[in-house]
Structures are given as C-alpha cells and as structure tokens.
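Participant: mind folding the following:
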Amino acid sequence: MKTFLRSGCGMIILSGFIALLIVTIGIAGILFLRPVEVESAREATAVLTIVPAPSSTPPGQMALFSTPTSTPPALSITIDGIAVGNFVQISGTGGDGLRLRREPGVNADILFLGYESEVFKVVDGPKQADGFVWWYLTAPYDEKRSGWAASRFLRVINLDQESQP
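Facilitator: Take a look at the predicted model:
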C-alpha cells in the first residue's frame, strides 16, 4: 500500500478523493446547516377601522352656500401684443418650424414641431425662461398639438382686421 501511495498515480487519486470529500461536506453544510426561519408565536392580526359616513347637512345651513359667487377674472398680461385668448401664427423660422416644448425653456423636452404659418390659440403664459418669453399654445383643430413656444417666433393674428375686405 505504501508503494501505491508513493507513486504519482496514487497521490493524484488520494488528492481527488480528499477534494471530493471537502466539496461534499461543504454542500452538506450549506444545505443542512443554514439558519431555520422561526415562525412567530403570534400571528399578525388585521386591524379594521370603520369610519362613519358624513351626516347630511341640515337644510337651514344650505341657504348659506346656495348663492353662487363670482370668481375674479384672471389677470390678462399682454407682451408684444400676445395675450391669453389670442390666436398666433408661427413666423420667422425660415421654414424650419418651431419646437413646442413640455415646459418653458430651451432645454425642456420637445413635444412636436409647429410648422411655419401654423395657427395656435394662446391658453397660458407668459413665463420667462432662458431669455425668452414663453406662451402655452394649443392648435384649435387638435388639442394634442399643445406646448410651450417662445414668443420671438409668434405673430398675433388680428381676427377683426382679417375678416374685413
């Protein structure tokens, strides 16, 4: 037996056997010696809170709020002739069109490209950003074509003058 172990072949077999034994013990340790989850002695209990529905308002108090109140009109700011409610036309882009954006500002996401001479209604603004005055525009024929545009490329359409001969 000593002769067999001293030979190179015997040493390789013995080394392989020891390596296999170490791997087997390691796997057994991982599988059988892992921590066991201990279940709690108490189970979690759901808590239900019932909130009563609001009571009806007595008829006497209803008269206090039945008269509608008027809301003050929003301030109308006009810059370069542009104001909320006006119609404007894209102008001065050299045919390249105007980028309408998600928010006012040159770094805001571009939603779509408005074409030269395309008409929009001004529905919000003005807002100052990046050296420009911005207005929120909506196409009268498609509400999905809406976004913020720089006033530098907008021309007010005077509907009163254009309807006259």
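
Participant: hang on, P104 packs against K127?
Facilitator: Yes: the pair P104 / K127 is scored as a contact, 4.2 Å apart, by CB atoms under 8 Å. (C-beta placed from N, C-alpha, C; glycine too.)

Participant: okay, and the common contacts of those two?
Facilitator: 134, 148 (CB atoms under 8 Å, 6 or more residues apart in numbering).

Participant: for this protein, what's the longest strand?
Facilitator: Ranked by residue count, the top strand of the chain under DSSP state E comes out as strand 119-129.

Participant: same for the helix or strand following it, what does it pack against?
Facilitator: Counting by DSSP states H and E, the next helix or strand C-terminal to strand 119-129 is strand 132-139. Applying 3 or more CB pairs under 8 Å, 6 or more residues apart in numbering; DSSP states H and E, one finds that strand 132-139 contacts strand 119-129, strand 142-150.

Participant: quick one: the ones you listed as JSON lines, columns for mean pLDDT and distance to T78 too.
Facilitator: Shown next, in JSON lines, are the helices and strands packed on strand 132-139 (pLDDT from 0 to 100; distance: least, CB to CB, whole Å):
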{"stretch": "strand 119-129", "mean pLDDT": "94", "distance to T78": "9"}
{"stretch": "strand 142-150", "mean pLDDT": "94", "distance to T78": "16"}
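
Participant: before I go, just wanted to say thanks for your time.
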